[in-house]
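In: Here is my input, please return the structure:
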Amino acid sequence: MAAEHIVKSYDEELKRLSNMIVEMGGLAESQLAGAIEAVAKRDSALAARIIEGDDKVDQLERDLDNLAVRLLALRQPMARDLREIVAALKIASDLERICDYAVNVAKRSIALAQSPPIQPVHALPRMAHFALLLVKDVIDAYVERDAEKAIMVWTRDEELDEMYSSLFREFLTYMMEDPRNIGVYTHILFMAKNIERIGDHATNIAENLYYLVHGTPLTQARPKGDKSSLEVVAVDRPSGQSAAR
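Out: Model prediction:
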């Protein structure tokens, strides 16, 4: 009877760990969605609430870490149970980073709201909504323990990278055409990079879920569509000035 109680208690603790991941995932979704809305509506009050909400995410991650360490120390899990706990620790870290990036977007949206609106800013919410879809789908995959759905998220991150590269090129062009807007576009580019990084963390979660389900790592090379680091910026020189050799 005592042994049965111990097993039941252990199963409940593992389930609690999983539920905490799902709760963190829900918070990550709502934080990112709120940050997107703050940008689109130029709503500084909403942005401030997103920033304040980060404390709850941080506390939840600390609680999950404590529970995971307790399970590792007292239960000495093996095989699938061990993978459940290790995956939860890694996934929680990725979700906390996703929320940090959402907060960064919210902070910059406050600065952006103090500047005159610019037309091309619509591209940022479109990119962010795609990132939000990746986060939602990978959390659904975790709930269902669906490795195939996780791989779909992993593959689609390349599309988010391509959106970022396209936006990067577009905004560099605007900055060169009108240097007065450099400050505004710099904020938007930083926000876009934060969103691109959210996609990277969603793919991290997908990889950890694949390992959790199959017990083997995903060995394929991660597809990347971000070519922004390879972009060459052409700057016009004054007439008669030769290029440096």
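In: Name the helix or strand for the residue positioned nearest the centre of the chain, please.
Out: Centroid check for the chain by CA atoms, centre = their mean gives residue 198 as the closest residue, at 2.1 Å. In the assignment (DSSP states H and E), residue 198 maps to helix 182-214.
In: so what does that helix touch, helix or strand wise?
Out: If contacts are counted by 3 or more CB pairs under 8 Å, 6 or more residues apart in numbering; DSSP states H and E, helix 182-214 sits against helix 79-113, helix 123-144, helix 147-177. All C-beta spots, glycine's among them, are computed from the backbone N, C-alpha and C.
In: hmm, back to that, so the residue nearest to the centre of the chain sits against residue 100, correct?
Out: No. Contact criterion CB atoms under 8 Å: residue 198 and residue 100 do not qualify, at 9.6 Å.
In: show me the biggest helix of this structure in terms of residues.
Out: Longest helix of the chain, by residue count under DSSP state H: helix 2-41.
In: Tell me which other helices or strands the following helix or strand past it touches.
Out: Using DSSP H and E, the helix or strand that follows helix 2-41 in sequence is helix 44-52. Packed against helix 44-52 by the contact rule (3+ CB pairs under 8 Å, 6+ apart) you find helix 2-41, helix 79-113.
In: Helix 44-52: how far from the chain's middle?
Out: On the basis of CA atoms, centre = their mean, to the nearest Å, the separation between the geometric centre of helix 44-52 and that of its chain is 18 Å.
In: what do you get for stretch 52-68?
Out: 17 Å.
In: And stretch 152-163, by the same measure?
Out: Worked out by CA atoms, centre = their mean, stretch 152-163 lies 12 Å from the chain centre.
In: Which residues belonging to it are considered buried?
Out: Neighbour counts over stretch 152-163 (16 or more other CB atoms under 10 Å) mark 153, 154, 156, 157, 158, 160, 161, 163 as buried.
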